[in-house]
Every structure is written in structure tokens, then in C-alpha cells.
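> Provide a 3D model corresponding to the input given below.
(one chain, ligands or ions: 2)
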Amino acid sequence: SGTTRPMRILHYVQRSAKCGDVLSVISAIDSFCSKVEWAMNVGDKKGEILDAVVLETRPRYVLELGTYCGYSTMRIARLLPPGARLITIEMNSHYAQVAKELFQHAGLDAQDKSAEKRPAGPTCKVELLLGSSSVLIPQLKKKLDIDKFDLVFIDHWKVSYLPDTRLLEECGLLKSGSVLLADNVTCPGAPDYLEYVRNSPRYRSQYFPSQLEYLQVEDGVEKSVFLG
Ligand SMILES: Oc1cc(-c2ccc(F)cc2)cc2nccnc12
Ligand SMILES: [Mg+2]
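Numbers count the residues shown, from 1 in each chain. Ligands and ions are numbered 1, 2, ... in the order given. A predicted model of the protein is given here:
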């Protein structure tokens with residue numbers, strides 16, 4: 001029955017953003033979602049907090065849980081130096097497909113790692129994995145030769161925030177100083193995750209109040225530094 005919201009975002013970007021210009025793709029998505037149709041991108045306000053944390057962390061290995069259309073993937077990737085690796089996990093194949101096409105429009109060297117025919121090792125900055133985070137996280141070390149992540153952006157299903165964080169710990173994917181940044185800790189909310197990172201002696205946690213993307217509703221992001 002016609003188009004999906006991610007397809008409408010993609011078509012708007014293809015029509016109005018400059019090819020190869022990741023900033024114009026980011027701002028085209030923001031203008032579509034502010035003026036035409038809301039969508040669950042981290043958005044421009046919380047996006048500035050994300051930018052600041054990326055710049056402060058200077059990460060070499062980044063994991064994103066929840067790609068959606070790739071808006072935050074592009075916000076992060078544009079701030080990473082060559083040689084850095086950004087792994088983004090999406091379980092919805094339609095979202096992943098749209099994200100790939102947006103990365104292409106933005107000129108981001110991105111690879112669909114779930115494709116069979118892929119060159120060994122990282123040939124590009126963004127590696128998009130299709131599947132469930134709980135299944136893929138335990139495979140990252142072996143399949144992608146990743147040791148530890150410097151930054152994890154958590155922005156998928158709120159009920160998965162805590163179990164996936166525990167999984168990252170158990171799989172030895174966090175080191176002392178690793179930064180977790182979680183979207184939507186106020187709206188829709190991730191109360192069990194917040195309780196954990198704010199009370200565990202293994203984290204130093206800080207809340208950054210903001211607003212839900214494109215709306216005047218309170219939301220915020222939680223930055224939690226793993227202490228090892
Ligand atoms: O940023 C977000 C916002 C919302 C969301 C949906 C409906 C509302 F009414 C309010 C907020 C859902 C999300 N799911 C996954 C990742 N990010 C999300
Ligand atoms: Mg979100």
C-alpha cells in the first residue's frame with residue numbers, strides 16, 4: 001500500500017540533498033521530519049549532544065545499536081578520522097536498506113557486512129550489520145576482529161538497553177573509559193537501564209536533558225563511562 005515513512009525520507013533526501021554531502025543529507029532529514037513527517041531519528045537537538053560526546057571521546061571503535069534510517073550513523077561517521085570503524089546493527093531489513101541508500105547518497109563509504117560477497121577486513125568506515133543485537137554482539141570479536149569499543153550509541157528497543165549492555169560487559173567488549181550514550185532515557189524511557197548505570201559502581205553516569213526529536217517534549221540522553 002504505497003510508500004513507507006523511511007522511503008518517504010529517502011525520496012525527500014534524494015530530491016533535496018546534495019550528493020556526496022553528508023551535512024546536507026543530515027539537514028534534509030531534519031527539515032523533512034520537522035516540517036513534513038515526524039520520524040524517530042535522534043534529531044538535531046540531541047544530535048548536538050551526540051556530536052559533542054563523539055568529539056570529546058575521539059573514538060576509534062564505535063558501535064551503534066539501532067540504525068533506523070542511518071541519521072545518527074551519519075552524524076557520528078562525519079566526525080570520525082579515517083581508520084576509525086563504526087559498526088551499526090539494525091534488525092529491520094527495510095530500515096537497513098533505506099539506511100544503505102542514504103549512506104550512498106551522502107557519499108559515505110559504507111559496507112553491508114551482512115552481504116556474502118565482502119572483502120576481508122574493514123575497507124570502509126561504516127559497517128552495517130543486519131540482525132538482532134543480542135545475537136550479533138557475541139559474534140563481533142570473532143567475525144569482525146573487534147576487541148573493545150570506545151563508544152556505544154544505544155538507540156534501539158528500550159527493553160534491550162539493559163540486556164545488551166550486560167552482554168557487552170560479558171563479551172569483554174568494554175574497556176575502562178568506554179563511553180555508553182543512550183538515547184530516549186526519558187521518552188519513551190529506559191528505567192531499568194537508568195537504574196543500572198546510575199547505581200552500578202562500574203559506571204559513572206550523567207544525564208543530558210534535551211527534547212524529543214522535532215517536538216517540545218522532554219527527553220534526554222544518558223552518558224555512562226565504564227570504569228572497568
Ligand atoms: O528516538 C526514539 C523515539 C521513539 C518514540 C516513539 C513514539 C513516541 F511517542 C515517542 C518516542 C521511539 C524510538 N525507538 C527506537 C529508537 N529511538 C526512538
Ligand atoms: Mg532514539
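
> Only alpha carbons, please: show the helix or strand hosting Ala52 as CSV.
Assigning secondary structure by DSSP states H and E places Ala52 in helix 43-57. Output of helix 43-57 as CSV, limited to C-alpha atoms (Å, rounded to 0.1, in the frame of the first residue of the first chain):
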residue,chain,number,x,y,z
GLY,A,43,17.3,14.7,15.7
ASP,A,44,19.2,18.0,15.7
LYS,A,45,19.0,18.9,19.4
LYS,A,46,20.0,15.6,20.9
GLY,A,47,22.3,15.2,17.8
GLU,A,48,24.4,18.1,19.1
ILE,A,49,24.9,16.3,22.4
LEU,A,50,25.9,13.2,20.4
ASP,A,51,28.4,15.2,18.3
ALA,A,52,29.9,16.7,21.5
VAL,A,53,30.4,13.3,23.1
VAL,A,54,31.9,11.9,19.8
LEU,A,55,34.4,14.8,19.6
GLU,A,56,35.3,14.5,23.3
THR,A,57,35.7,10.7,23.1
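
> Give me the spatial nearest neighbour of Ala39, chain neighbours excluded.
Closest residue to Ala39 apart from its sequence neighbours, by CB to CB, 6 or more residues apart in numbering: Cys33 at 4.9 Å. C-beta: built from backbone N, CA, C; applies to glycine.

> burial of the one you found, as a residue count?
Other residues lying near Cys33 total 23 when counted by other CB atoms under 10 Å.

> so how far is the host helix or strand of it off the chain centroid?
Using DSSP H and E, Cys33 sits within helix 22-35. Helix 22-35 has its C-alpha centroid displaced from the chain centroid by 17 Å (CA atoms, centre = their mean, to the nearest Å).

> Report the buried residues of it.
With burial defined by 16 or more other CB atoms under 10 Å, the residues of helix 22-35 counted as buried are Val22, Ser24, Val25, Ile26, Ala28, Ile29, Asp30, Ser31, Phe32, Cys33.

> Dump the residues you listed into TSV; add distance to Gly107 and pLDDT as well.
Supplementary listing: the buried residues of helix 22-35 in TSV, determined by distance: CB to CB, whole Å; pLDDT from 0 to 100:
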residue	distance to Gly107	pLDDT
Val22	7	98
Ser24	10	98
Val25	9	98
Ile26	12	98
Ala28	14	98
Ile29	15	99
Asp30	18	99
Ser31	19	98
Phe32	19	98
Cys33	21	98
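
> between those, which is nearest ligand 1?
Comparing these against ligand 1 with CB to the nearest ligand atom places Cys33 closest, at 11.0 Å.

> By mean pLDDT, flag the weakest helix or strand of this protein.
The helix or strand of the chain with the poorest confidence is strand 110-112; it has a mean of 85 (mean pLDDT, DSSP states H and E).

> I appreciate the help and will end here.
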